[in-house]
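[1] sequence and computational prediction follow.
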Amino acid sequence: MMKQFSGAVLLYCTALVLAPFFMGVILKVKAFFGGKKGPSLAIRYQTLAKLLRKGSVYSRSTTFIFKLGPLVSLAASLTGLAFLPVAGQNPVFSFQGDIVFIWYLFGLARFFTVTAALDTASPFEGMGAAREVFFGFLAEATIFLVFLQFALLSGQYSLASFLAGSKAINISSQAGFLLVLIIPAIFFVMLTENARVPVDDPATHLELTMIHEVMILDHSGPDLAIIEAGVFARMLFYATFIANLLLPRGYGLGTQILLFSLLVLLLYIGIGVLESITARLKMDQVPKFILTSFALAFFAIILSLEVTP
Amino acid sequence: MTYPYIFLLVVTGGIVPLFLLHHFRLMRLSGVAGIGTGCFIGFVCSLTDLLANTARTMSWEWLGLLPLSFRIDILSAFFLIPIFLIGLAATLYSYHYLDDKDKRIRVSVHYFFLSLLIISMALVVMADSMISFVLSWEIMSVASAALILYNYDEKANRRAAYRYFIFSQGGGLFVIAAFGLLFNNSGDFSLVAAEGLPQGTRLVIFLLALIGFGSKAGIMPLHAWLPYAHPAAPSHVSALMSGVMIKIGIYGILRMYLCLSPDANTVGPLLIILGAVSGTLGVVYALGQHDLKRLLAYHSVENIGIILIGIGVGILGIAAQRPFIALFGLTGGLLHVWNHALFKSLLFMGAGNVLHAAGTVNINRLGGLMKNMQNTGILFLVGSLAICGLPPFNGFISEFFIYIAGFNGAGAGLDPMPFLYIILAVLSLAVIGGLAVACFTKVVGVVFLGEPRTNAAGSAHESGWAMIMPMICIGITCLAIGLFPGFFSMPAVTVSRSIIGQGAPDIMAILSFCRSISLGGAGFLLFLGLLICMHRLFYRNKQVAYAPTWGCGFTRPTAKMQYTSTSFGRSIVQFYQPVTQVTEEYKEIKSLFPSPSAYRSHMVDRMDDWGDRYVGSSVEGLCKRLRFIQHGFIQFYIAYIVIAVIVLLLYQLVR
């Protein structure tokens, strides 16, 4: 029992430490497609260290909400990650219904990120905030539909029962063909929630077209580092989620972890490739993009009505 | 039997101010003391009744033919708690809120009707017979309509009260119709389990009652009085009406369900659909509002939707013989009754502070209030987080229970139809949650954060202690329920177990979930605390500078350039296009030397609009045609009565 718990904590910490590395992979891939050498893979660690060394400039318009925003956001990501099985192993914490708890914590994080943006009185940040809440609620609908599907398949409703153990929902399990529809749906949600192309472009130069980046324009120094760390953790959360669904089962622990890391790496590379070869959507197309994921999940539910006993 | 004395105390608190018109402070004090003490004792009594879990009856036979009898069972006690608690908070709040000496006559009259409203609400939930129920129900409607008329000098407010009156009287007619049908079939005035009724009749009676009670609760097509009445009423009255009075409608629905036990396979899905529509559209319409109190009124519709979804899922669980689903659904719905009473009154009181300080509740004219009104700002933030259902506050707990019921239903191998209703329930909750976050980030961000948009907002001041104190108590309760749900959800669990009856799961089923949430919430707070400490550490000996917000290259920003409530909610409101409609007036800037320009937008509540256009106008046409009956000659009116009595007597003879 104790051994299992300490193993889970170890996996959790390793995942956290590696999160910035994976984000660096995306940059490397994009640089490769641009015919450039690109920054080193450790670039994200260097960014974090640089930001932590600095001081901050605060806007005179802001209140304590502005400082609280990044902290709540990171705390939500850290808590959420503790409930997520890594490499098909049991997570640090788990209880029935933790899916609701985690996603509502993410909702709390969104609440504070958005209000922190509005706290600066900047029209640009308000614009990003309005888009964030709009796209966020659409993505939430998809993810809860996916969870209903998982609850239907497994008869349980915690992340651990979905993704870890012998009865985990997996591409190789009996109802695995449903995942062909569900994994793209989750992938779309991942792109939305983490502000990636084609929903949002983290590398764009025009504030008018941003969503996430524009909300954090006024944050600087360690505050910005905390936001970045939260973003890395959130991205890893979704990548881990999908990798667990794809992970082949029945190997030894070491092989499993290795395979799992490879899958996560592949997902990040996939995102890098996607960002290199596609442009972002026009803003009014984004809801359609997210609703596509909803439709996919809905089809999966309809199909599964036939599958389940 | 302490309740009659409590009512006497409350009424005294309502009547004494009428005789103290020339001592303004003493008048308010006497009103607050009388009603407040009465509410406090009432709260303690109902709490003991709730914990004792036994039914008690009391009756007065002095009307001879029509006995007035009252009975307190656990369901009544459950609803008495918010009545007295929020009654107490609202009364305390009124002491500093109504401090305009020129309006002393209406302040004293207000205390009279406030006491009447609190008592009548308590009597409704205690009523044991149809007669006492309808009598208290009508007093409640009249008292609340009189309270809406507090600012009667404005035409809009008079119209709002009139509108409310139409809805409450129309709803009352449906309730009376349902009771009449029930009496006709069962032969006595009792509201306890009716026996020997055919299934079809039960359903018809229930549906009639649902329309009647639904118009009080604000279920979606019948919500059209709420957005008018709440902005018109004083804020603490809005808090009491929105937090408690509309729940009396929910009480009515539950009581009728218990009395009739209509076909659960029909009622469950019906309630889920009504709840999903009210919940989703309520929050969408809220998003399009500029008036803070109107926005909160629409959120009441949303939360009634959540309560209905919970109760609907519970009844669905009863129908499918899954006591686990039934327990969690009902508990979620019932606990949300308490939770909504708490955070909605907190929010309305916050809106009252804003109105008191800045003179307006138009969101687009406010901004930056957090700096001058930090207490109000933080308390409003707490209320916002709670109403969005975010952990670790109380709104999350009740929604969590409903989710658990839903996910359990998904995994329990239900038939396809119930499963589809479960999907509808869970998805509506998710969408409502997301949209509520959108709506309250808008309110908090535009009203309390950023820069003031007008001078009035810039020079706002914090409110008096009598307004802040009740809010602090309610805010702490919201957090306490969120952190220790096991303790606070016990009464709701007991009530739902009594509704389910035989085969209800053990209380432990819910307690283990509560413990998990407590631990999860504690874990999150631990992470947050650690991060705050680290944050301190990172900024030690660092240079921190203060500057204007970065304008992305633009150097002369004004407060008017900030995102407004209108622009923030615009894209979501447009997304719901067929049921929402935004009308705009825009004077464009054209020539080289342009004249002043203006932009005005208004969101049309299509449900309300359609109701007015199709139902309202046809009823009005009918009434106009029947106007010849109302000619003002009293002798003819007496003749009507005599003729009606004769016809009824003849009918009895012939039958």
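    Sure, I can see it.

[2] can you tell me the SS state at B:T57?
    strand (DSSP: H, G, I helix; E, B strand; the rest coil).

[3] B:G314 too?
    Using three-state DSSP as the criterion, the local structure at B:G314 reads helix.

[4] can you check the one 4 residues further on too?
    Using three-state DSSP as the criterion, the local structure at B:I318 reads helix.

[5] what about it, distance to chain A?
    20 Å (Cβ to the nearest Cβ, to the nearest Å). For every residue, glycine as well, the C-beta is placed using N, CA and C.

[6] residues touching that residue, list them.
    B:264, B:268, B:326, B:500 (Cβ atoms under 8 Å, 6 or more residues apart in numbering or on different chains).

[7] how much space between the residue nearest the centre of chain B and A:F137?
    Geometric centre of chain B, nearest residue: B:S242, 3.3 Å, by Cα atoms, centre = their mean. Distance, B:S242 to A:F137, by Cβ to Cβ, to the nearest Å: 24 Å.

[8] next one: B:A430
    8 Å.

[9] enumerate every residue touching the residue nearest to the centre of chain B.
    B:226, B:230, B:296-297, B:300, B:344-345, B:348.

[10] try 10 Å this time
    B:86, B:218, B:226, B:229-230, B:233, B:293, B:296-297, B:299-301, B:303-304, B:340-341, B:344-345, B:347-348 (Cβ atoms under 10 Å, 6 or more residues apart in numbering or on different chains).

[11] and for B:I481?
    With Cβ under 10 Å, 6+ apart, B:I481 has these contacts: B:335, B:338-339, B:342-343, B:386, B:392-398, B:487-489.

[12] among those residues, which are within reach of chain A?
    B:392-393, B:395-396 (Cβ under 10 Å from any Cβ of the partner chain).

[13] may I see these arranged in a markdown table, with pLDDT and neighbour count as well?
    Formatted as a markdown table, the ones next to chain A among the contacts of B:I481 follow (pLDDT from 0 to 100; neighbours: other Cβ atoms under 10 Å in any protein chain shown):
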| residue | pLDDT | neighbour count |
| --- | --- | --- |
| B:P392 | 92 | 26 |
| B:F393 | 95 | 27 |
| B:G395 | 95 | 30 |
| B:F396 | 96 | 29 |
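
[14] from the residues you listed, which ones fall inside helices?
    Using DSSP state H, B:395-396 are the members of those that sit in helices.

[15] sorry, back to before: overlap in contacts of B:A430 and A:F137?
    A:G107.

[16] quick one: A:V29 from A:L18, how far?
    17 Å.

[17] more neighbours: these two, which one.
    Between A:V29 and A:L18, counted using other Cβ atoms under 10 Å in any protein chain shown, A:V29 has the larger neighbour count: 20 against 15.

[18] element containing that one?
    helix A:2-33 (DSSP states H and E).

[19] what packs against that helix?
    helix A:43-53, helix A:64-82, helix A:221-246, helix A:253-277 (3 or more Cβ pairs under 10 Å, 6 or more residues apart in numbering or on different chains; DSSP states H and E).

[20] what about the helix or strand hosting B:L530, average pLDDT?
    Per DSSP H and E, B:L530 falls inside helix B:508-538. Taken as a whole, helix B:508-538 carries a mean pLDDT of 93.

[21] any part of it near chain A?
    Yes: Helix B:508-538 lies within reach of chain A by Cβ under 10 Å from any Cβ, at B:512-513, B:515-517, B:519-521, B:523-532, B:534-535, B:537-538.

[22] also stretch B:469-476?
    No: on the criterion Cβ under 10 Å from any Cβ, stretch B:469-476 is out of touch with chain A, staying 16.3 Å away.

[23] tell me which residues of that stretch come out buried.
    By neighbour count on 16 or more other Cβ atoms under 10 Å in any protein chain shown, the buried set for stretch B:469-476 is B:470-471, B:473-475.

[24] in the stretch 201-309 of chain A, which residue sits nearest chain B?
    Distances between the stretch 201-309 of chain A and chain B by Cβ to the nearest Cβ are smallest at A:P222, namely 3.9 Å.

[25] roughly how far does that residue sit from A:K67?
    10 Å.

[26] name the residues contacting each of the two.
    Contacts common to A:P222 and A:K67, judged by Cβ under 10 Å, 6+ apart, are A:56, B:535, B:539.

[27] who wins on neighbours among the residues you listed?
    Neighbour-wise, the shared contacts of A:P222 and A:K67 (other Cβ under 10 Å) top out at A:S56, 20 neighbours.

[28] now do the same contact list for that one.
    A:67, A:218-224, B:538-539, B:542-546.

[29] nearest residue to it other than its sequence neighbours?
    A:G221 (3.8 Å; Cβ to Cβ, 6 or more residues apart in numbering or on different chains).

[30] let me see the ranges of the strands in chain B.
    B:56-60, B:68-72, B:544-547, B:580-586, B:599-605 (DSSP state E).

[31] which of these sits most buried?
    strand B:68-72 (a mean of 20; mean count of other Cβ atoms under 10 Å in any protein chain shown).

[32] contact partners of it?
    Against strand B:68-72 from outside (Cβ under 10 Å, 6+ apart): B:1, B:3-4, B:45-46, B:49-50, B:52, B:54-62, B:76, B:80, B:122-123, B:125-129, B:131-133, B:135-136, B:189-192.

[33] what angle do it and strand B:56-60 make?
    170 degrees (axes from the mean of the first three to the mean of the last three Cα atoms, to 10 degrees).

[34] you'd agree B:I86 is up against B:V237?
    No: checked against Cβ atoms under 10 Å, the pair B:I86 and B:V237 is beyond contact range at 11.1 Å.

[35] tell me which of the two has more neighbours.
    Neighbours per residue (other Cβ under 10 Å) separate B:I86 from B:V237, with B:I86 holding more: 33 against 27.

[36] contacting residues for the more buried one?
    Counted by Cβ under 10 Å, 6+ apart, B:I86 has contacts B:39, B:43, B:93, B:118, B:121, B:236, B:239-245, B:247, B:338, B:341-342, B:344-346, B:348, B:470, B:474.

[37] next: A:P287.
    A:134-135, A:138, A:281, B:571-572, B:575.

[38] at 8 Å what do you get?
    A:134-135, A:138, B:575.

[39] element containing it, please.
    In this assignment (DSSP H and E), A:P287 forms part of helix A:286-307.

[40] now that helix, how far from the chain's geometric center?
    Between the centre of helix A:286-307 and the centre of its chain there are 20 Å (Cα atoms, centre = their mean, to the nearest Å).

[41] just stretch B:450-460 next, same as before
    30 Å.

[42] next one: stretch B:250-257
    16 Å.

[43] can you check stretch A:123-140 too?
    With Cα atoms, centre = their mean, you get 16 Å for stretch A:123-140.

[44] ok, stretch B:564-581 next?
    24 Å.

[45] next one: stretch B:120-132
    The answer for stretch B:120-132 is 20 Å, by Cα atoms, centre = their mean.

[46] got it, and stretch B:40-47?
    21 Å.

[47] alpha carbons of it, in PDB - could you do that?
    Taking C-alpha atoms only, stretch B:40-47 is exported to PDB below (Å, rounded to 0.1, in the frame of the first residue of the first chain):
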ATOM      1  CA  PHE B  40     -33.800  33.800  15.200                       C
ATOM      2  CA  ILE B  41     -36.000  31.800  17.600                       C
ATOM      3  CA  GLY B  42     -37.800  30.400  14.700                       C
ATOM      4  CA  PHE B  43     -34.600  29.200  13.200                       C
ATOM      5  CA  VAL B  44     -33.500  27.500  16.400                       C
ATOM      6  CA  CYS B  45     -37.000  25.800  16.700                       C
ATOM      7  CA  SER B  46     -37.000  24.600  13.200                       C
ATOM      8  CA  LEU B  47     -33.500  23.300  13.600                       C
END
